[in-house]
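Chemist: Show me the folded form of this:
(chains A and B)
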Amino acid sequence: DTGVSQNPRHKITKRGQNVTFRCDPISEHNRLYWYRQTLGQGPEFLTYFQNEAQLEKSRLLSDRFSAERPKGSFSTLEIQRTEQGDSAMYLCASSLGDRADTFGSGTRLTVV
Amino acid sequence: GEDVEQSLFLSVREGDSSVINCTYTDSSSTYLYWYKQEPGAGLQLLTYIFSNMDMKQDQRLTVLLNKKDKHLSLRIADTQTGDSAIYFCAENNNQGGKLIFGQGTELSVKP
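Modeler: Residues are numbered from 1 along each chain as shown, chains lettered A, B, ... in the order given. Reported below is the predicted structural model:
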């Protein structure tokens, strides 16, 4: 297991299109987190799963955003009708228990 | 509310010590973390400290925690040019483990 894997690394999309990102956590980790990082800022929490249950969603996660973790393993984050303000780095992290310390390399989204 | 604050920039000479400071507000945090981020990369965990500890040392890194003042610092001894990066302080939310990050301190190491 080589850590948390995110795909794609980069995504350029036109405004109004839908995009989907994938995160593969460390295999024995039961918790999975999504964060968003804009330029010059620290990461901001979006949502997290314990196994397949989505336990918390940030107010940043508008109705256009949806995340799933159907089998308690990998997760997807979908953004519908993308806007320029969605341009950011989307980071995934996983943990076993409360200590969320392993991050993926992120997916950089550019909306043009 | 939850808030983590850091100074934005720090510049040091190679071989000197660097001290990056952070203040946080959530006194119920169980862990406090330091992450490193290089340009275009994800977050690399450097070290963390339990909230019941005052100090933790790990090779060139020393973390000091003052719970009374809600102040956390990271000292890097013998700073090298490869240490140039953005350093993030983070506290964990006691409900579920989500992290609250500061805005990051950009460390510049001059030869």
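Chemist: what residues are up against residue B:5?
Modeler: Residue B:5 is in contact with B:22-24, B:102-103, counting by Cβ atoms under 8 Å, 6 or more residues apart in numbering or on different chains. Placement of C-beta: from N, CA and C, glycine included.
Chemist: ok, the helix or strand harbouring it: who's next to it in the sheet?
Modeler: Assigned by DSSP states H and E, residue B:5 belongs to strand B:4-6. According to DSSP bridges, strand B:4-6 forms sheet pairs with strand B:18-24 (antiparallel).
Chemist: how about the partner strand: buried residues?
Modeler: Within strand B:18-24, the residues that count as buried by 16 or more other Cβ atoms under 10 Å in any protein chain shown are B:18, B:20-24.
Chemist: Dump these into JSON lines; add distance to residue B:108 and pLDDT as well.
Modeler: Below are those laid out as JSON lines (distance: Cβ to Cβ, whole Å; pLDDT from 0 to 100):
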{"residue": "B:18", "distance to residue B:108": "10", "pLDDT": "97"}
{"residue": "B:20", "distance to residue B:108": "12", "pLDDT": "98"}
{"residue": "B:21", "distance to residue B:108": "16", "pLDDT": "97"}
{"residue": "B:22", "distance to residue B:108": "18", "pLDDT": "96"}
{"residue": "B:23", "distance to residue B:108": "22", "pLDDT": "95"}
{"residue": "B:24", "distance to residue B:108": "24", "pLDDT": "91"}
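Chemist: Turn those residues into CSV, including distance to residue A:53.
Modeler: Below are the buried residues of strand B:18-24 laid out as CSV (distance: Cβ to Cβ, whole Å):
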residue, distance to residue A:53
B:18, 41
B:20, 36
B:21, 38
B:22, 32
B:23, 34
B:24, 28
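Chemist: between these, which is closest to chain A?
Modeler: residue B:22 (10.8 Å; Cβ to the nearest Cβ).
Chemist: Secondary structure class of the residue nearest to that closest one when sequence neighbours are not counted, three-state.
Modeler: With Cβ to Cβ, 6 or more residues apart in numbering or on different chains as the criterion, residue B:22 has its nearest non-adjacent residue at 3.4 Å, and that residue is residue B:89. Classification of residue B:89 using DSSP: H, G, I helix; E, B strand; the rest coil returns strand.
Chemist: For chain A, which residues are neighbours of chain B?
Modeler: Within chain A, the positions lying close to chain B (Cβ under 8 Å from any Cβ of the partner chain) are A:6, A:31, A:33, A:35, A:40-45, A:48, A:50, A:55-56, A:91, A:93, A:95, A:97-106, A:108.
Chemist: Quickly list what the residue of chain B found nearest chain A is bridged to.
Modeler: Taking Cβ to the nearest Cβ, chain A has its nearest neighbour within chain B at residue B:101, 3.2 Å off. Beta-bridge partners recorded for residue B:101 (DSSP bridges): residue B:90.
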